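[1] Mind looking at a prediction? Sequence and model below.
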Amino acid sequence: MALRTIRWCAGLCLALGLVSSRADAQIVEAVGERALGMGGAFVAVANDSSATWWNPGALAAGPFIDVSIVRTMDEQRDALPARRERVSGFALTTPPFGFSFYRLRLAGVPAASAVSGQAGRLEGQPTLPLRAWSASQVGATLVQTIAPGTHVGATVKYIRGTFRSGSDAADLGPSTLLDRAGDLGGGSTEGQFDVDLGALATAGPVRLGALVRNVRGARFADGAFELPRQARVGVAIAAEQSGGIPLTLSLDADVRAYRTEAGERRVIALGAEQWLAGKRLALRGGARFNREGERGRALTGGGSVSLRTGTFLDAHIVRGGSPDERGWGVAARVSF
């Protein structure tokens with residue numbers, strides 16, 4: 001039954017993933033300190049409040065209550081195209097329900113070649129377009145167990161977003177242009193509903209997961225910005241080593257490519273998580289490889305410290321591989 005469910009979910013991911021996206025997008029690897037410390041290989045691992053983002057179906061395998069407050073930033077700025085994404089938020093889960101609120105901000109500058117013939121001139125100098133998108137997202141998650149070890153879930157979300165655009169001198173450099181994009185004023189604001197779907201199947205230490213984000217593909221500003229369908233599958237092995245030390249190894253893969261300000265993105269991610277000292281300390285590492293566009297790569301690391309029973313401070317950092325992809329984040333989390 002579990003394998004049939006995962007095959008069905010993988011087929012759903014593939015079918016939805018074949019629909020093309022036309023606009024720039026927010027990346028999947030935006031929320032969750034544990035997830036980002038593991039390189040983004042988290043669809044089959046998610047068992048905390050970040051399941052509201054990474055896999056609603058995995059919420060069933062989470063603790064009785066999990067609460068987190070998060071702040072993350074990810075950016076590509078050393079060369080054009082350039083992107084900067086910042087997320088802050090709050091999530092509360094108590095299976096089978098979850099609530100989440102995220103504040104999303106994305107600034108981008110396309111490559112000059114991508115806008116050839118479209119950019120204007122500023123006081124006789126060539127210019128590049130600047131784009132900025134900000135949104136408040138409120139989500140409600142519900143999970144249902146359909147067989148022992150097999151769970152499906154959905155996050156229904158309302159997104160109120162503002163899209164802004166402008167232009168500035170092309171010779172200012174990617175970092176300055178991203179700063180200017182983030183400071184753009186005006187823009188049009190509108191609200192859209194969308195939904196994320198997820199599934200999780202477990203058999204002993206093996207976990208199989210599937211995720212489809214943004215099923216409707218909500219569009220803003222007459223299609224100038226879109227949250228396209230993003231489909232991902234994952235597998236994880238969660239094993240207790242001798243002495244009862246929990247170790248998790250995971251692998252995720254995007255089913256299809258989607259477009260961002262930094263180019264096409266289709267990621268394969270690897271991750272590991274090791275808990276130590278009676279689950280009071282965790283170490284994480286991972287890597288992700290973009291198989292489309294510039295085919296960049298990044299190395300990630302992170303950890304958790306238990307400040308007291310059930311209270312954690314989580315953090316992650318992204319470095320290495322591609323010099324133009326970096327990020328960091330922190331979160332305070334309570335889990336029982």
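    Looks like it came in fine. Numbering: from 1, shown residues only.
[2] Enumerate the beta-bridge partners assigned to the residue lying closest to M38 once chain neighbours are set aside.
    Nearest non-adjacent residue to M38, counting by CB to CB, 6 or more residues apart in numbering: G271, 2.8 Å away. Any C-beta I mention is one placed from the backbone N, CA and C, and that applies to glycine too. As for beta bridges, G271 partners with S250, G286 under DSSP bridges.
[3] Run a quick neighbour tally on G271.
    G271 has 28 neighbours, counted by other CB atoms under 10 Å.
[4] That one is in contact with L283, isn't it?
    No - using CB atoms under 8 Å, G271 is not in contact with L283, being 11.7 Å away.
[5] check contacts around the residue nearest to M38.
    Residues near G271 by CB atoms under 8 Å, 6 or more residues apart in numbering: 37-42, 45, 248-252, 284-286, 300.
[6] mind checking how far it is from T127?
    G271 is 41 Å from T127, where distance means CB to CB, to the nearest Å.
[7] Also G187?
    According to CB to CB, G187 stands 19 Å off from T127.
[8] Neighbour count: the two, which is higher?
    It is T127, of G187 and T127, that has more neighbours when counted by other CB under 10 Å, with 20 against 17.
[9] The more buried one: which element?
    According to DSSP states H and E, T127 maps onto strand 125-147.
[10] Please identify the buried residues of that strand?
    Buried residues in strand 125-147, counted by 16 or more other CB atoms under 10 Å: 127-135, 137, 139, 141, 143, 145.
[11] Let me know the closest of these to E75.
    Using CB to CB, A132 comes nearest to E75 of the buried residues of strand 125-147, at 13.5 Å.
[12] List the residues that contact the closest one.
    105-108, 163-165, 181-182, 184, 187.
[13] Bridged to it, which residues?
    Following DSSP bridges, A132 is listed with bridge partners A107, R164.
[14] pLDDT at it, what is it?
    A132 is assigned a predicted lDDT (pLDDT) of 92.
[15] roughly how far apart are it and F90?
    Separation of A132 from F90 (CB to CB): 23 Å.
[16] cool, and E190?
    From E190 across to F90, the span is 23 Å (CB to CB).
[17] ok, now L283?
    26 Å.
[18] packing partners for the host helix or strand of G153?
    G153 is located in strand 150-169, with elements delineated by DSSP H and E. Applying 3 or more CB pairs under 8 Å, 6 or more residues apart in numbering; DSSP states H and E, one finds that strand 150-169 contacts helix 2-17, helix 51-54, strand 97-109, strand 121-122, strand 125-147, helix 174-182, strand 188-203.
[19] again, 7 Å this time
    The helices and strands touching strand 150-169, judged by 3 or more CB pairs under 7 Å, 6 or more residues apart in numbering; DSSP states H and E, are strand 121-122, strand 125-147, strand 188-203.
[20] Dump those to JSON lines, plus distance to F312.
    Rendered in JSON lines, the data for those read as follows (distance: least, CB to CB, whole Å):
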{"stretch": "strand 121-122", "distance to F312": "49"}
{"stretch": "strand 125-147", "distance to F312": "21"}
{"stretch": "strand 188-203", "distance to F312": "22"}
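[21] For A239, which of those strands is the nearest?
    In terms of CB to CB, the element of those nearest to A239 is strand 188-203, at 12.9 Å.
[22] Indicate each strand paired with that closest one and its parallel or antiparallel sense.
    Partners of strand 188-203 in the sheet, by DSSP bridges, are strand 150-169 (antiparallel), strand 206-213 (antiparallel).
[23] what's the angle from it to strand 125-147?
    Note on geometry: by axes from the mean of the first three to the mean of the last three CA atoms, to 10 degrees, strand 188-203 and strand 125-147 are set 40 degrees apart in direction.
[24] contacting residues around strand 188-203?
    With CB atoms under 7 Å, 6 or more residues apart in numbering as the test, strand 188-203 has contacts from 2, 5-6, 9, 44, 55-58, 60-61, 149-163, 207-216, 218, 220-221, 227.
[25] Would you write a ChimeraX line that selects the buried entries of these?
    The buried subset of those, as determined by 16+ other CB under 10 Å, is captured in ChimeraX by this line:
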select :2,5,6,9,44,55,56,57,58,60,61,149,150,151,152,153,154,155,157,159,161,162,163,207,208,209,210,211,212,213,214,215,218,220,221,227
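[26] hmm, back to that, please name whichever of the strands paired with strand 188-203 is nearest to Q26.
    Relative to Q26, the nearest member of those by CB to CB is strand 206-213, separated by 9.2 Å.
[27] Distance to E264 added to the buried residues of strand 125-147, as CSV?
    Putting these into CSV (distance: CB to CB, whole Å) gives the following:
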residue, distance to E264
T127, 24
L128, 19
P129, 19
L130, 21
R131, 17
A132, 21
W133, 18
S134, 24
A135, 23
Q137, 24
G139, 27
T141, 29
V143, 32
T145, 37
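[28] Regarding R288, which helix or strand does it belong to?
    Using DSSP H and E, the element containing R288 is strand 281-290.
[29] Would you mark the buried spots in that strand?
    Applying 16+ other CB under 10 Å to strand 281-290 flags 282, 284-290 as buried.
[30] Let me know the closest of the residues you listed to A315.
    Distances from A315 to those, taken by CB to CB, are shortest for R284, at 9.6 Å.
[31] so that closest one touches G37, yeah?
    Yes - using CB atoms under 7 Å, R284 makes contact with G37 at a distance of 3.6 Å.
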